[in-house]
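1. sequence plus predicted model, see below.
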Amino acid sequence: MTGDTPKWMKESLYPEYAQALSMDELLYDSETDHQRLKVFQNNRFGRVLTLDDVVQTTEGDNFIYHEMLTHVPILAHGAAKRVLIVGGGDGGMAREALRHASVEHVAMVEIDAGVVEFSKTYLPMLSDGAFDDPRLNLVIADGADFMKAPGDNFDVIIIDSTDPIGPGEVLFTDTFYGHAQRALTPGGILVTQNGVPFMQGDELTNSLRAFKALFKDWGCYLATVPTYAGGPMAFGWATDGDTRSVPLETLESRFDAAGIDTGYYTPEVHKAAFALPGYVRKLLP
Ligand code: SAM
């Protein structure tokens, strides 16, 4: 800790509720063209990435979030070869998607080159070599612009964006979701980072209202990530296929065939994640 570095990073997503993580060593702090970017060492969660003082990902608990936004749609789909990630600048989502040998191509559209470059240096454990994988195509662009004319179709689209404030806001609109649907292959699956419903219920309702108008099957599933404060996080789910109902036995055989060692995802957790508590069901449009 240098003299002028505050002891605590206080995340204030809400006027009435905040979380704080001790900055045991500040490693990086700068403004990119889009946002304020910080990395610091926290003695419990390891390295922590924040954008505009909102926790994006940590060395310690990122596996939960990245596993649930990749293995759920990829294993539900069963034959996903082409994956699109919007956001994901730290490389964790690409890391998990590329663990599937069946995935032949991952396009990653990230608005802020600064997040990518600096994550390679300060958070290499997150991408774990993903940026050097020949299957990865990194595009520095606004995901909303990219989705207007992606020039390709995808079996799985993952929106790994910041919250709908700042550059991430355009990724939570009906127009964007309509373009995403157009970019899906038949039976393709769209999944989204959709906030913590106990605190950000409107965000989830708005996304699902758009999904309901666009897709045959829509909903959300849950997982609790300790540093996403306020309870379980919701992941939006939207598809014109019927892959939500893939039997447990099928998921088990696909998971075994993938040969991926996970810290959170299991086929049972996959199925159970779609069971929603009352307060989340009440948010469904
Ligand atoms: N796990 C985090 C969460 O749940 O909030 C998301 C992590 S990831 C670092 C979020 C990424 O979205 C950032 O790298 C940010 O630059 C990127 N992003 C925000 N708005 C974007 C946009 N319009 N197009 C592409 N990437 C965007």
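-> Cool, got the structure.
2. dump the C-alpha coordinates for the strand ranked longest in the chain into CSV.
-> Longest strand in the chain by number of residues (criterion: DSSP state E): strand 184-193. Output in CSV follows, covering the C-alpha atoms of strand 184-193 (Å, rounded to 0.1, in the frame of the first residue of the first chain):
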residue,chain,number,x,y,z
LEU,A,184,-27.8,-16.9,-34.4
THR,A,185,-27.8,-20.1,-36.4
PRO,A,186,-31.0,-22.1,-36.3
GLY,A,187,-31.4,-23.4,-32.7
GLY,A,188,-28.6,-21.0,-31.6
ILE,A,189,-28.6,-19.7,-28.0
LEU,A,190,-28.2,-16.2,-26.6
VAL,A,191,-27.0,-15.8,-23.0
THR,A,192,-26.5,-12.6,-21.2
GLN,A,193,-24.9,-11.2,-18.0
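3. now do the buried residues in stretch 172-192.
-> For stretch 172-192, burial by neighbour count (16 or more other C-beta atoms under 10 Å) applies to 172, 176-177, 179-181, 183-185, 188-192. Every C-beta, even on glycine, is put in place using the N, C-alpha and C of the backbone.
4. pick out the lowest-pLDDT one from those.
-> Note: of those, the lowest pLDDT belongs to Phe172, at 94.
5. right, and that one touches Pro164 too?
-> Yes - between Phe172 and Pro164 there is a contact under C-beta atoms under 8 Å: 4.1 Å.
6. list residues touching both of those two?
-> Glu203 (C-beta atoms under 8 Å, 6 or more residues apart in numbering).
7. list the contacts of the longest strand of the chain.
-> In contact with strand 184-193 (C-beta under 8 Å, 6+ apart) are residues 65, 69, 72-73, 76-77, 80, 82, 87, 153-161, 177, 180-181, 207, 211, 215, 233, 235-241, 243.
8. buried subset of those residues?
-> For the contacts of strand 184-193, a burial check counting by 16+ other C-beta under 10 Å picks out 65, 69, 72-73, 76-77, 80, 82, 87, 154-161, 177, 180-181, 207, 211, 215, 233, 235-241, 243.
9. hmm, back to that, can you narrow the contacts of strand 184-193 to ones near the ligand?
-> Restricting these to those near the ligand by C-beta under 6 Å from any ligand atom leaves 65, 87, 160-161.
10. in helices, which of those appear?
-> The members of those that map onto helices under DSSP state H are Tyr65.
11. what segments of the stretch 151-285 of the chain are strands?
-> Using DSSP state E, counting those that start in this stretch, the strands found in the stretch 151-285 of the chain span residues 154-160, 184-193, 217-223, 233-239.
12. direction included, what does the last one pair up with?
-> Strand 233-239 has the following sheet partners, assigned by DSSP bridges: strand 184-193 (antiparallel), strand 217-223 (antiparallel).
13. now check the first one, is it near the ligand?
-> Yes - using C-beta under 6 Å from any ligand atom as the criterion, contacts between strand 184-193 and the ligand involve Gln193.
14. so that strand versus strand 154-160, what angle?
-> Counting by axes from the mean of the first three to the mean of the last three C-alpha atoms, to 10 degrees, strand 184-193 lies at 20 degrees to strand 154-160.
15. now strand 184-193: how far from the chain's centre is it?
-> Its chain's C-alpha centre and that of strand 184-193 lie 14 Å apart, by C-alpha atoms, centre = their mean, to the nearest Å.
16. all helices of the stretch 1-150 of the chain, in order?
-> Along the stretch 1-150 of the chain, the segments classed as helices by DSSP state H, counting those that start in this stretch run 62-77, 92-97, 113-122, 124-127, 143-148.
17. pull out the buried residues from the last one.
-> What that stands for is helix 143-148. 143-144, 146-147.
18. again, but for stretch 8-20
-> 9, 11, 13, 19.
19. pretty sure Tyr279 is touching Pro197, no?
-> Yes - using C-beta under 8 Å, Tyr279 is in contact with Pro197, at 7.3 Å.
20. ok, how many other residues are close to Leu284?
-> 14 (other C-beta atoms under 10 Å).
21. what residues are up against it?
-> Neighbours of Leu284 in contact, by C-beta under 8 Å, 6+ apart: 205, 208, 219-220, 276.
22. can you pull out the low-pLDDT segments for the stretch 1-150 of the chain?
-> Scanning the stretch 1-150 of the chain for pLDDT under 70 picks out 1-4.
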